[in-house]
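Enquirer: The sequence isn't on hand, but the structure is:
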Ligand SMILES: CC(C)(COP(=O)(O)OP(=O)(O)OC[C@H]1O[C@@H](n2cnc3c(N)ncnc32)[C@H](O)[C@@H]1OP(=O)(O)O)[C@@H](O)C(=O)NCCC(=O)NCCS
Ligand SMILES: CC(C)(COP(=O)(O)OP(=O)(O)OC[C@H]1O[C@@H](n2cnc3c(N)ncnc32)[C@H](O)[C@@H]1OP(=O)(O)O)[C@@H](O)C(=O)NCCC(=O)NCCS
Ligand SMILES: CC(C)(COP(=O)(O)OP(=O)(O)OC[C@H]1O[C@@H](n2cnc3c(N)ncnc32)[C@H](O)[C@@H]1OP(=O)(O)O)[C@@H](O)C(=O)NCCC(=O)NCCS
Ligand SMILES: CC(C)(COP(=O)(O)OP(=O)(O)OC[C@H]1O[C@@H](n2cnc3c(N)ncnc32)[C@H](O)[C@@H]1OP(=O)(O)O)[C@@H](O)C(=O)NCCC(=O)NCCS
C-alpha cells in the first residue's frame, strides 16, 4: 500500500489534520521553526509555548509575561483541591502520571479554570462599555458569579501578591492595560459588597491576556475572538500548576507518607432526604 | 482507496488487532454472542462481563460470584482515598467523568488494587506447598508486604463482613476452595503478628478467583497463568467501585457542596531536610 | 483531640457531608441496606446501583431495564473513540486504570454522553407539547444539534439493534412510554432530512429513563428535575462502557501488541492559517 | 475548635505533611523563596522548577539544561501515542483538561517514560564498571530491554536532532559528562545489533541528568539515589509534552475537527484463541 500511495496510484484520504509541529523532516519544527534554531538562538520556554499554541513568535514582553504567569501559578500550597488530590493519590502509591492527572482533573470553574470565562465576560462588558455596577448586577440577575472575582482566603486586606506582581509588570511593560483597568473597576465595585470579592489570579490573567493579544498587534480581531471562544487561557494555569503537582508527588514519595484515609469524625453522614426502603 | 481495497487491488496491512467484540454486522456480538441473544436468553451482567473479559460463558455459580464481588465492592464510604478524590473533584464543579476518573486513579497497590498480586503470591506459595510461616517470613525477608493481608480499620475482632459473605458463598457453591483455604491459613499466621493483619477483601477475591478459574475447568493452565500475569482481577474492583464513585459524584452535586479546601491546621508544613538557598 | 470530641468538650465542624453509604457500623450499608441483606435477599447489580445512585429500591422492571442498558452499552467494538484511546494506551504498556481512564475521557457530547441532554430536551419539548418539526427547527435556529439523534454509522436502513431491543422491552414492561413515543416522532421527522439522523442509543435511553422515573411513581417532580439537571443518566453509559474498555485492555495485553504510532501517511500536515514568523 | 487549637487547649494531630510551598504568609514561598523575589530577581522557569522539585536553587547551566530538555521535548508531532489520544479526545468535543490527561496517560515505559529507568540502569552499570557488551548482554539474559535505547523511527543514519543538541550543550557546559559518555559506548555496541537501537531522547536525558546531579555538587549521594529511586526525571518529559498536548487540543478545536472513528478496514477482527461457546 505504501508503495502504491507513493507511486500515486491510489489516493488515501487522510483521517487526521494537524498544524502545530512537523516531525517528518530531518528535525522537528514547531510552527515552522526547527529545533536547532530554538536552541541556537536561545529561545525561552515562553517562546516555545507561543510557537506551539499561537503559531507565531511573540515579542519578548509577551513571552516574559507568559513565563511570569506560569511561575506565579506554579504552586499554591498543599490545601487547594488539586494539590490535595495529587497528595492523596501519591500516598496511595500510584505512579507520577496518575498523581498529576488526579490533581489536574479538579481544575475547572471553581479552581484555576476561570481565566477564559473571566476574559470572555470582561471583554464583552468592556467592549459594550457597561458600567461596573451594570455588569455585576446584570450577572447577578442572570444568576452567574462573575468569573475572576472572589477567593476563599484572599480579601481586600489580604491581597493576592501574585495579582499585584502581574499588574505591576503589565503597567510597566504593556502598551495598554485597558481590559485590566476595567477589571479593577469591577473589583472596586464588588469589594463594596464583600471583602473577599477581590480580583483573583484568574481574573487578573484573563483581563491582562486580552490586553496582550490586542496590544501586540499580531492577531486579527477574528483570531482574538477564536482564542477567547476556544479557551486557550486556562491552558496557562493547567501547565503552570503541573509543575507544582509534580513537585507535590515527589514530596510525598520522599516523605514516604502512608495511605490517606479521611478522618471519620470530619464527615457528616446524613440521610435526611432519602426514602430508601429495602424491599 | 476503499474501492481499491475492496477490489483487492491493494492489500492494506491493518494497524489494530481486536478480538472481543465485533461491531461490523447487523448487530454487535460479544465474543461471538449477538446482542439479541443476550437479551432474549436473559443474560446477566456477570455473563456479559465473562464474554468480554474471558471470551467465554462461565457457569452460573461463577457469574453470580462475579456479581457478588462487584456488589460488595461497589462502595465503602466517603473516607477511602478514591471516594475522597471523587468528592473533592465533584465539589470543584467538574463533570461526571472527571470526578469518577480522579477516584479511579487512586486504585493501586495500597487501595483496592492488590487482588492480582494477592492471586500471584498465594498461587505461587500454595503451588509450591510453602507453610504459611515460610511464606510470610520469606516475604518479609524480601521486604514485600503480603498483598491481600492488612487493613487500616478492620481487624481480628472487627471482621470485614464482605470477606465473610464471599467465603460463605464459595464454601457453599464452589467445587473447591483450595486457594482460599490456603489464604486463611496465612491469615491465621499473620494475625499472631498483629490484629489488623486480616485477610482483606483483595486477598479474599484474589484467592477465590484462583479457585474459580481452576474449578470451572474451562481454562487451560496456560490461560490461568496469563490471566494472573496480565492482571485481570483488579478489573473487578475497578468496575465495582465505579458504581460508588459515580454515586458519590451525584451525592455531592445533589447536596450542592462548595469547593473543598483542606484545612490549614491539618497540615504540618516542614522543611527539615531542605537545603534550599535562594541566590 | 478525639477524646476531647467524644467527651463533648469541643465541637468539630465537619468538612464533608455524605449520604449514600455508611461504613461506620459492623457492616457497610448502601442507602441504609446492610451488605448481608444484599447478599441474602439475592439483590442484583441493578438493585445495588439503585441504592447508591437513587437511594431507593426500584421495582424489578426498572432494575432489569438498568441492567439491560448496561449490557447493551458494554461495548461497541474497537473503532469508537473511547475504545481506540484505551487500545493505544494499553499498547503503550500502561496499567489497567490508566487504559480505562484514557477511554472514559472521550465520553461526552459526541460520544456516549448525550443521554442527559437528550432527556433534558425531549422532556422540555414533550412537556411543552411542541410538534416534532417545531422542536427540531427550533433547535436548528439556536444552532444546537438535537442530542440523541444521529449516528456515524447507523441509519434508517441499518437500524441500531440496541435501540430496538430497549424499545421492545419498554413497550412490554413499562406502564407508560410517553417520552420514548415522543422521541420516535422526532426521529420520524429527522429521518426525512437525512438517513443517518436516527434515534441513537443515547436518545433512546434518555427518553426511556424519563418514562421509568415518572411511571414507577417513586420520585417527586422535584426529584426527577434534579436527576435530569444534575445529569445522572450519562452515568449508565460510563459504567457500561467501562466493562468494554477493561476488556479491550486485557485483549491488547493478551495479544502482546506493540507501541501504536499513527501512520504518517494518514495525516495532513497543513499550515494554511498560520502566520508564524520566526524572529 | 479553631480557637481551642489556637488557645493550645487541644493538640490536633495533622494528617498531611508538606514541604515544597508555604501559602500561609503574606505571599506564598517556593522552598522558602517568596514570590516577589522570584519576579524581582528575574528567576526563569527552570529556577522555579528547581525550587519546587529539588528544593534548592541550581546553578544557571543546570536550569538552562532543564529548560532545554523541556523545550526539545515539548512536542514531536501528531502521530505519537500521546498526541494521538489527545487529538481523539479533542475531536470528541471534550474540555482541555480531559484532552491533556488522555494524552499524558500514555506516557510510560514505551513512550517518553523511560528516563528514570535509563538513569537507574546506566548508573548501576557505569558505577559497577560493566563493559557495554557485559551490560547489554546481561540485560538480554534477564529479558529486559535497555531503557533509553531504541526508537520506532530514528536510527543510525537518521539521528535524533534533540539528542545531538543536548549532548553538544552538555559537552560545552557540564563539568563532567561521565554517565552520558558511558551511554554513548552502550549505543555504539547496540548499533552493531540493529540500526534503530540508538540512544533515544529518554536515555540521553537520563544519563545527562546523572551528570548534572553529580557535577553540581549540591546533592549528597543519598539524595541522588533518592531522586533516581523515586523517579523524578520522567517528570521533565511529562511537563514538557504537556505544552504540546495542550497545543494539539487547541489546534483540533481551531480546525473544528469532527468525532474521530478509527477506520474499520484498518482493524483485524480475529478470534483464533477464543473458545467462547454461547450457552
Ligand atoms: C472563588 C469562589 C469559588 C469562592 O467562593 P466562596 O468564598 O466559597 O464564596 P461563597 O460560595 O461562600 O459565596 C459568598 C457570597 O459571595 C457571592 N459571590 C461569590 N463569588 C462571587 C462572584 N464571583 N461574583 C459575585 N458574587 C460572588 C456569592 O454569591 C455569595 O453571596 P450570597 O451569600 O449572597 O449568595 C467564588 O468566588 C467563585 O465562584 N468565583 C468565580 C469563579 C472564579 O473566579 N473561580 C476561580 C477562583 S481561582
Ligand atoms: C492495607 C495496608 C496499606 C494497611 O496498612 P497500615 O495499617 O497503614 O499499616 P502500616 O503501614 O502502619 O504497617 C503496620 C505494620 O504491619 C506490617 N504490615 C502491614 N501490612 C502487612 C502485610 N500485608 N504483610 C505483612 N506485614 C504487614 C507493616 O510492615 C508494619 O510493620 P512494622 O511496624 O514492623 O514495619 C497494608 O496492610 C498493605 O499495604 N497491605 C498489602 C496490600 C493490600 O492488600 N492492599 C489492599 C488493601 S484493600
Ligand atoms: C452523532 C454525531 C456526532 C454524528 O455526526 P456526523 O455523522 O459526523 O454528522 P455531521 O457532523 O457530518 O453532520 C451531518 C449533517 O447532519 C446534521 N446533523 C447531525 N446531527 C444532527 C442532529 N443531532 N440534529 C440535527 N441535525 C444533525 C448536521 O447539522 C449536518 O448538517 P449540515 O451538513 O447541514 O451542517 C451527530 O449526529 C451528533 O452530534 N448528534 C447529537 C449528539 C449525540 O447524540 N451524540 C451521541 C451519539 S452516540
Ligand atoms: C522504543 C521501542 C519501544 C521501539 O520498539 P520497536 O521499534 O517497536 O522495537 P521492536 O519491539 O520491534 O524490537 C525490535 C528488536 O529490537 C530489540 N530491541 C528493541 N529495543 C531494545 C532495547 N532497548 N534494548 C535491547 N534490544 C532492543 C528487540 O528485542 C527486538 O529484537 P528481537 O527481534 O530479537 O526480539 C523499544 O526500543 C523500547 O522498548 N526501548 C526501551 C524503552 C525506551 O527507551 N522507551 C522510550 C522510547 S522514547
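Expert: Sure thing, it's come through. Here the structure is a predicted model, which means the values were calculated and not measured. Ligands and ions are numbered 1, 2, ... in the order given.
Enquirer: My understanding was that residue A:200 contacts residue A:150; is that so?
Expert: Yes. Using CB atoms under 8 Å, residue A:200 is in contact with residue A:150, at 6.3 Å. All C-beta spots, glycine's among them, are computed from the backbone N, C-alpha and C.
Enquirer: In stretch A:227-237, which residues have enough neighbours to count as buried?
Expert: Residues of stretch A:227-237 classed as buried by neighbour count (16 or more other CB atoms under 10 Å in any protein chain shown): A:227-228, A:230-237.
Enquirer: Now render the residues you listed as JSON lines, adding secondary structure and distance to residue D:258.
Expert: Listed next are the buried residues of stretch A:227-237 as JSON lines, based on DSSP: H, G, I helix; E, B strand; the rest coil; distance: CB to CB, whole Å:
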{"residue": "A:227", "secondary structure": "helix", "distance to residue D:258": "21"}
{"residue": "A:228", "secondary structure": "helix", "distance to residue D:258": "23"}
{"residue": "A:230", "secondary structure": "helix", "distance to residue D:258": "16"}
{"residue": "A:231", "secondary structure": "coil", "distance to residue D:258": "19"}
{"residue": "A:232", "secondary structure": "coil", "distance to residue D:258": "21"}
{"residue": "A:233", "secondary structure": "coil", "distance to residue D:258": "25"}
{"residue": "A:234", "secondary structure": "helix", "distance to residue D:258": "23"}
{"residue": "A:235", "secondary structure": "helix", "distance to residue D:258": "22"}
{"residue": "A:236", "secondary structure": "helix", "distance to residue D:258": "28"}
{"residue": "A:237", "secondary structure": "helix", "distance to residue D:258": "28"}
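Enquirer: Looking at residue A:200 and residue A:150, which is more packed in?
Expert: Between residue A:200 and residue A:150, counted using other CB atoms under 10 Å in any protein chain shown, residue A:200 has the larger neighbour count: 25 against 20.
Enquirer: got the residues of the stretch 51-200 of chain A near chain C?
Expert: Contact residues (CB under 8 Å from any CB of the partner chain) of the stretch 51-200 of chain A with chain C: A:51, A:55-57, A:95, A:97-98, A:101.
Enquirer: Chain D next: which of the buried residues of stretch A:227-237 are close?
Expert: Of the residues in the buried residues of stretch A:227-237, proximity to chain D by CB under 8 Å from any CB holds for A:230-232, A:234-235.
Enquirer: is stretch A:193-213 up against chain D anywhere?
Expert: No. Judged by CB under 8 Å from any CB, stretch A:193-213 makes no contact with chain D; its nearest approach is 10.9 Å.
Enquirer: quick one, strands of the stretch 151-279 of chain A?
Expert: Counting by DSSP state E, counting those that start in this stretch, the stretch 151-279 of chain A has strands at residues A:267-269.
Enquirer: Name the residues of it found near ligand 2, please.
Expert: A:258-259 (CB under 6 Å from any ligand atom).
Enquirer: Residue numbers of the stretch 151-279 of chain A in contact with chain B?
Expert: When proximity is defined by CB under 8 Å from any CB, the stretch 151-279 of chain A lies next to chain B at A:152-153, A:254, A:258-264, A:267, A:273.
Enquirer: List just the nearest of those residues to residue C:123.
Expert: Taking CB to CB as the measure, residue C:123 lies nearest residue A:273 of these, at 21.8 Å.
Enquirer: returning to what we had before: how about CSV for the ones next to chain D among the buried residues of stretch A:227-237, with pLDDT added?
Expert: Compiled in CSV, these are given as follows (pLDDT from 0 to 100):
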residue, pLDDT
A:230, 96
A:231, 94
A:232, 96
A:234, 96
A:235, 97
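Enquirer: Can you identify the element that follows the lowest-mean-pLDDT helix or strand in chain A toward the C-terminus?
Expert: Here the helix or strand of chain A ranked lowest by mean pLDDT, DSSP states H and E is helix A:2-6, holding a mean of 51. Proceeding N to C from helix A:2-6, the next assigned helix or strand is strand A:16-18, under DSSP states H and E.
Enquirer: Packing partners of that following strand?
Expert: Other helices and strands packing on strand A:16-18, by 3 or more CB pairs under 8 Å, 6 or more residues apart in numbering or on different chains; DSSP states H and E, are strand C:267-269.
Enquirer: Stretch A:150-162 and ligand 1, are they touching?
Expert: Yes. Using CB under 6 Å from any ligand atom, we find that stretch A:150-162 touches ligand 1 at A:150-152.
Enquirer: Out of these, the closest to residue A:23 would be?
Expert: Looking across the residues of stretch A:150-162 next to ligand 1 and measuring by CB to CB, the closest to residue A:23 is residue A:151, at 42.2 Å.
Enquirer: ok, now which ones touch that closest one?
Expert: Contacts for residue A:151 (CB atoms under 8 Å, 6 or more residues apart in numbering or on different chains) come out as A:160, A:196, A:198, A:200.
Enquirer: can you give me the end-to-end distance of stretch A:17-35?
Expert: Criterion CA to CA, to the nearest Å; first-to-last residue distance in stretch A:17-35 is 22 Å.
Enquirer: Also stretch A:212-219?
Expert: With CA to CA, one end of stretch A:212-219 sits 10 Å from the other.
Enquirer: go on, stretch A:225-234?
Expert: Using CA to CA, the end-to-end distance of stretch A:225-234 comes out at 15 Å.
Enquirer: Please apply the same query to stretch A:89-105.
Expert: Terminal-residue distance, stretch A:89-105 (CA to CA): 12 Å.
Enquirer: what mean pLDDT does it have?
Expert: In this model, stretch A:89-105 has a mean pLDDT of 98.
Enquirer: ditto for stretch A:266-276
Expert: The model assigns stretch A:266-276 a mean pLDDT of 68.
Enquirer: ditto for stretch A:65-79
Expert: The average of the pLDDT scores along stretch A:65-79 is 97.
Enquirer: Is that stretch positioned near chain B?
Expert: Yes. Stretch A:65-79 lies within reach of chain B by CB under 8 Å from any CB, at A:78-79.
Enquirer: end to end, how far does that stretch reach?
Expert: Using CA to CA, the two ends of stretch A:65-79 sit 27 Å apart.
Enquirer: what about it, near ligand 1?
Expert: No. Using CB under 6 Å from any ligand atom, stretch A:65-79 stays clear of ligand 1, coming no nearer than 9.1 Å.
Enquirer: now the helices for the stretch 1-150 of chain A?
Expert: With DSSP state H, counting those that start in this stretch as the criterion, the stretch 1-150 of chain A has helices at A:2-6, A:35-40, A:45-49, A:60-72, A:81-91, A:96-104, A:115-128, A:132-142.
Enquirer: Can you say which of the ones you listed is nearest to residue D:18?
Expert: Shortest distance between residue D:18 and those, using CB to CB, is found for helix A:81-91: 7.2 Å.
Enquirer: Write out the residues of the stretch 51-200 of chain A neighbouring chain D.
Expert: Going by CB under 8 Å from any CB, the residues of the stretch 51-200 of chain A near chain D are A:52-53, A:67-68, A:70-72, A:74-79, A:84, A:87, A:95-97, A:100-101, A:104-105, A:107-108, A:113, A:161-162, A:165, A:169.
Enquirer: ok so, going back, and the contacts of residue A:151 near ligand 4, which?
Expert: Among the contacts of residue A:151, not one lies near ligand 4 by CB under 6 Å from any ligand atom.
Enquirer: I'd like those as CSV, with pLDDT and distance to residue A:210 appended.
Expert: What follows is the contacts of residue A:151, written out as CSV (pLDDT from 0 to 100; distance: CB to CB, whole Å):
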residue, pLDDT, distance to residue A:210
A:160, 92, 19
A:196, 94, 24
A:198, 96, 19
A:200, 95, 16
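Enquirer: buried subset of these?
Expert: Buried among the contacts of residue A:151 (16+ other CB under 10 Å): A:160, A:196, A:198, A:200.
Enquirer: Which of the residues of the stretch 151-279 of chain A next to chain B sits closest to residue A:174?
Expert: Distances from residue A:174 to those, taken by CB to CB, are shortest for residue A:153, at 28.0 Å.
Enquirer: Tell me who's in contact with that closest one.
Expert: Residues in contact with residue A:153, defined by CB under 8 Å, 6+ apart, are A:196, B:261.
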